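Asker: Pasted the sequence and its predicted model underneath.
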Amino acid sequence: MSTFAERLRTLRRAAGLSQTELAGDGLSPSYISLLEAGRRRPSPAVAAQLATKLGCSTTELLDGEPSEHQRRLQLELAYAELALRHDGADEAVSRLTDLLREPGLPGASSAEAGLLLARAQERTGDLPAAVATLTPLLERAIAGDPHLSVPRVAVHLCFCHSEAGNLTRAVTVGEHALEVCRQQNLERTDDYFMLASTVMLAYADLGDESHASSWAQQLIEDAREAGSQGGQAALYWNASLLAEREGRLSDALYLSRRALANLGELGDSRDLARLKLEVARVLLASDEPDVDEAGRLLEQVREAVHRLGSEVDLVELEELTSRVALLASDPVEAEAVARRATQHMPIEANARPLSLAYRALGDALAAQGRRPEAMEQWTTAVDLLGTANPGRATALSWRDLAERFRAAGDTEAAVNAYRAALDAAGVRDRTKAVLAVIAALEAGGAVVSKETELTRFTNP
């Protein structure tokens, strides 16, 4: 971009602005057209006004060189991203928080820093902080900030809401963002399908699995017609999760491999690493688990999870690795790995993944004949699961714990876990009134109907 006219045109297009939008109230679109044609040169005041809208410095717009301030901002952002890529999420949070406090931060730098900060906060397991960072960013995107994508910000925000256990909020935010995307004609983009896939899974986790399954089939067809590879990957992935929860393990494995085929062509990413974890989970969920293939997948993905994943991803990696070790008849190794899983996050951070980690630790201890210690870890898993969202996934986890307690001979704990599984699946207790009458009659008490009471009141 050797001339001012070329720089103005390129920066305007990069910001997603038309000539009319760049002109705003103070300038005319025809004047912008003359500037881009090289037939006018702006005054310093006009150049500053344009630079502010374009998210760059006046020096960069007029001379093609970023200002010293902008160079420093770019350097800070680069350092923060480098820290995030190399297991320094806490350092990235500190740097980006300081950067966002600076006055007069250009729009592009503010957007980039905010998105990076949310990623760093999620990596550390601080989901409420990530939600607090992303919420105003989504509001800016919906309001038309050219530096922010509605579906991309919404995907991350809905994911954080879901991981934090606020599924209703995830659905509400996601549905609103999808409507905005439709208004902006984004229905056939990768980002739209990824957002729809995230909302679809939140519906399933809330217990509306029939809606989620039918919607998944329609979305997959739409994504295939649109040629959206990333969208198909996300949809196949979440459809495999639904199939696994419904016990359709062959379907789950087929769908997850379709997701891998689509996502693998898009290059190394955190999503690809997390998907491989999910495939390993499906392989281990069968009555005859494929331990060897699951183990190979976990080894393939280990470096990527440590490099790109969050604390939750690390917990899931270690929990699955512990299960592989146990199924390979190495309970000592399974114990060591499970203990690592329980130490990645504070116990109040994320209920369900940690519950699985403590369950794995209990399994390893039980396999070594250390039953009292195993019961202690399974009880911790119960306490954690008690704060998780209802839904089929949570119901399955309760059922898994119930079977362990039953096998250990703790009938009371097993019955409580079975009941919790039914509650999580939405199977409500309809026996309270009948059982209350039976108990009263068995105790010899009088049971008086409402009609009898009314008659006695009106005819003394």
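Answerer: Received the coordinates, thanks. Not measured: the values here are computed from a predicted model. Numbers count the residues shown, from 1 in each chain.

Asker: When you work out contacts or count neighbours from here on, use the C-alpha atoms and nothing else.
Answerer: OK.

Asker: From E36, how far out is the residue nearest to F4 when sequence neighbours are not counted?
Answerer: Closest residue in space to F4, ignoring its immediate chain neighbours: L62 at 5.8 Å, by C-alpha to C-alpha, 6 or more residues apart in numbering. Computed with C-alpha to C-alpha, to the nearest Å, the distance linking L62 and E36 is 12 Å.

Asker: anything in contact with each of those two?
Answerer: Common neighbours of L62 and E36, counting by C-alpha atoms under 8 Å, 6 or more residues apart in numbering, are F4.

Asker: Let me see the contact set for L255.
Answerer: L255 makes contact with Y236, W237, A239, S240, according to C-alpha under 8 Å, 6+ apart.

Asker: Confidence-wise, which of those comes last?
Answerer: Lowest pLDDT among the contacts of L255: W237, with 79.

Asker: and after the helix or strand containing it, which helix or strand comes next?
Answerer: If you go by DSSP states H and E, W237 is part of helix 229-245. Sequence-wise, the next helix or strand beyond helix 229-245 is helix 249-264, with elements assigned using DSSP H and E.

Asker: right, and the helix or strand after that next one?
Answerer: Along the chain past helix 249-264, the next helix or strand (assigned with DSSP H and E) turns out to be helix 270-285.

Asker: Please enumerate the helices of the stretch 251-400 of the chain.
Answerer: Using DSSP state H, counting those that start in this stretch, the helices found in the stretch 251-400 of the chain span residues 270-285, 291-308, 311-327, 331-342, 351-367, 371-385, 392-408.

Asker: ranking these by mean pLDDT, which is last?
Answerer: Per-stretch averages of pLDDT across the helices of the stretch 251-400 of the chain put helix 270-285 at the bottom, with a mean of 84.

Asker: residues near D98, how many?
Answerer: Each residue near D98 was counted by other C-alpha atoms under 10 Å, and the total is 11.

Asker: again, but for R13
Answerer: As a burial measure, R13 scores 14 neighbours (other C-alpha under 10 Å).

Asker: For it, report the pLDDT, please.
Answerer: Reported pLDDT at R13 in the predicted model: 82.

Asker: Mind picking out the helix or strand in the chain with the poorest mean pLDDT?
Answerer: Counting by mean pLDDT, DSSP states H and E, the chain has its least confident helix or strand at helix 450-458, which shows a mean of 46.

Asker: re the thing from before, quick one: the helix holding W237 to helix 249-264, angle?
Answerer: For helix 229-245 against helix 249-264, the angle between stretch directions is 160 degrees (axes from the mean of the first three to the mean of the last three C-alpha atoms, to 10 degrees).

Asker: Would you mind pulling the contact partners of helix 229-245?
Answerer: By C-alpha under 8 Å, 6+ apart, helix 229-245 touches 189-194, 197-198, 201, 204, 209, 213, 216, 219-220, 223-224, 249, 251-256, 258-263, 266, 275, 278, 282, 392-393, 396.

Asker: of these, buried ones?
Answerer: With burial judged by 16 or more other C-alpha atoms under 10 Å, the buried subset of the contacts of helix 229-245 is 189-194, 197-198, 201, 204, 209, 213, 216, 219-220, 223, 249, 251-253, 255-256, 258-260, 262-263, 275, 278, 282, 392-393, 396.

Asker: Distance-wise, check P44 relative to A37.
Answerer: Here P44 is placed at a distance of 19 Å from A37 (C-alpha to C-alpha).

Asker: How about A51?
Answerer: Taking C-alpha to C-alpha as the measure, A51 and A37 are separated by 18 Å.

Asker: okay, these two: which has more neighbours?
Answerer: Neighbours of A51 and A37, each counted by other C-alpha under 10 Å, are more numerous for A51; the result is 21 against 14.

Asker: correct me, but that one touches T58?
Answerer: Yes. Judged on C-alpha atoms under 8 Å, A51 makes contact with T58 at a distance of 5.4 Å.

Asker: and the most centrally placed residue in the chain, which of the three is it?
Answerer: Taking C-alpha atoms, centre = their mean as the criterion, F159 is the residue nearest the geometric centre of the chain, at 2.6 Å. Per DSSP: H, G, I helix; E, B strand; the rest coil, the local secondary structure of F159 is helix.

Asker: quick one, what contacts it?
Answerer: For F159, the contacting residues are A170, T198, taking C-alpha under 8 Å, 6+ apart as the criterion.

Asker: How much space separates it from P128?
Answerer: Here F159 is placed at a distance of 12 Å from P128 (C-alpha to C-alpha).

Asker: Check P106 too.
Answerer: Plainly put, P106 is 26 Å away from P128 if you go by C-alpha to C-alpha.

Asker: Count the neighbours of G386 for me.
Answerer: By the measure other C-alpha under 10 Å, the count of residues near G386 is 18.

Asker: Please read off the pLDDT at it from the model.
Answerer: Predicted confidence (pLDDT) at G386: the value is 81.

Asker: same question, H86
Answerer: So, for H86, pLDDT stands at 69.

Asker: Could you do L137 as well?
Answerer: Predicted confidence (pLDDT) for L137: 94.

Asker: Which element, helix or strand, includes it?
Answerer: Take DSSP H and E as the rule and L137 turns out to sit in helix 127-142.

Asker: Domain map for this protein?
Answerer: For the chain, automatic domain parsing gives the domain ranges 4-66, 125-267.

Asker: L308 contacts S269, doesn't it?
Answerer: Yes. If you go by C-alpha under 8 Å, L308 and S269 touch, sitting 7.3 Å apart.

Asker: So between these two, which is more surrounded?
Answerer: For L308 against S269, the residue with the higher neighbour count under other C-alpha under 10 Å is L308, and the figures read 20 against 16.

Asker: who's in contact with the more buried one?
Answerer: Residues touching L308, when contacts are defined by C-alpha under 8 Å, 6+ apart, comprise R85, S269, R270.

Asker: returning to what we had before: in TSV: the helices of the stretch 251-400 of the chain, plus distance to L22.
Answerer: Formatted as TSV, the entries for the helices of the stretch 251-400 of the chain read as follows, by distance: least, C-alpha to C-alpha, whole Å:
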stretch	distance to L22
helix 270-285	36
helix 291-308	37
helix 311-327	42
helix 331-342	51
helix 351-367	48
helix 371-385	52
helix 392-408	49
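
Asker: and of these, who's closest to A15?
Answerer: Go through the helices of the stretch 251-400 of the chain one by one with C-alpha to C-alpha and the one that ends up closest to A15 is helix 270-285, at 27.0 Å.

Asker: Show me what the closest one is packed against.
Answerer: Contacts defined by 3 or more C-alpha pairs under 8 Å, 6 or more residues apart in numbering; DSSP states H and E place helix 270-285 against helix 229-245, helix 249-264, helix 291-308, helix 311-327.
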